[in-house]
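Undergrad: Just need the structure, nothing else, for what follows:
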Amino acid sequence: MTSDVRQDQDPAGSRACDIIASNGLRITNQRVALLTALLESEDHPDAVELYRRLRASDASISLATVYRNLASLEKVGVAERHCFEGHGARYESTISEHHDHIVDLESDEVIEFQSEEIEQLQQEIAKKLGYEVIHHRLELYCRKL
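TA: This next block holds a predicted model:
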């Protein structure tokens, strides 16, 4: 473990360290900062936006480092990449509960929502057709009424 990572006493940073370690990745300052940014993010930033946020507190971080660490976090299932229609890859942490997305076609805003009715219906349809749902993603592309 990099010795100065936990000295920060930042609860979000400490949580990120725990998540990284429990997923078998080496703990680095850059990886902790990136995962912390994802955990604290209320939007779905792309790699360039994450790079911009991280550069504000660490001028030594590079865009290549952001991409490399996003790939590592994605590989172990800690981060998820979304490719919403008409946009490049955007990211979010997978540590929160499962949710689906509405993409506002006019503002490009991505809104998270949860629906037990939709989840149940998906399970019922899969079962009726002889399948078990392992993973799914629902994206609704909408315009406000």
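Undergrad: drop to CA atoms for contacts and neighbour counts, all remaining ones
TA: Noted.
Undergrad: Using the record's assignment, carve the protein into domains.
TA: Per automatic domain parsing, the domain ranges recorded for the chain read 6-93, 100-142.
Undergrad: Could you export those as JSON lines, including mean pLDDT and mean neighbour count?
TA: Shown next, in JSON lines, are the domains of the chain (pLDDT from 0 to 100; neighbours: other CA atoms under 10 Å):
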{"stretch": "domain 6-93", "mean pLDDT": "87", "mean neighbour count": "16"}
{"stretch": "domain 100-142", "mean pLDDT": "92", "mean neighbour count": "12"}
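Undergrad: Am I right that Ala37 is in a helix?
TA: Yes. Per DSSP: H, G, I helix; E, B strand; the rest coil, Ala37 lies within a helix segment.
Undergrad: which residues sit in contact with it?
TA: Leu50, Arg53, Leu54 (CA atoms under 8 Å, 6 or more residues apart in numbering).
Undergrad: Now do the SS call for Tyr141.
TA: Going by three-state DSSP: Tyr141 is strand.
Undergrad: hang on, it packs against Asp100?
TA: No. The criterion here is CA atoms under 8 Å, and Tyr141 misses it with Asp100 at 11.5 Å.
Undergrad: who are the neighbours in contact with Lys127?
TA: Taking CA under 8 Å, 6+ apart, one finds nothing in contact with Lys127.
Undergrad: swap in Arg137?
TA: Taking CA under 8 Å, 6+ apart, one finds Asp100 in contact with Arg137.
Undergrad: Now it. Its backbone dihedrals?
TA: Here is the backbone geometry of Arg137 (degrees, to the nearest 10): phi -140, psi 130.
Undergrad: quick one, strands of this structure?
TA: Assigned by DSSP state E, the chain shows strands spanning 79-82, 90-93, 100-104, 110-113, 139-142.
Undergrad: Kindly present those strands as JSON lines, with separate columns for distance to Cys17.
TA: As requested, the strands of the chain are exported to JSON lines (distance: least, CA to CA, whole Å):
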{"stretch": "strand 79-82", "distance to Cys17": "14"}
{"stretch": "strand 90-93", "distance to Cys17": "14"}
{"stretch": "strand 100-104", "distance to Cys17": "27"}
{"stretch": "strand 110-113", "distance to Cys17": "26"}
{"stretch": "strand 139-142", "distance to Cys17": "31"}
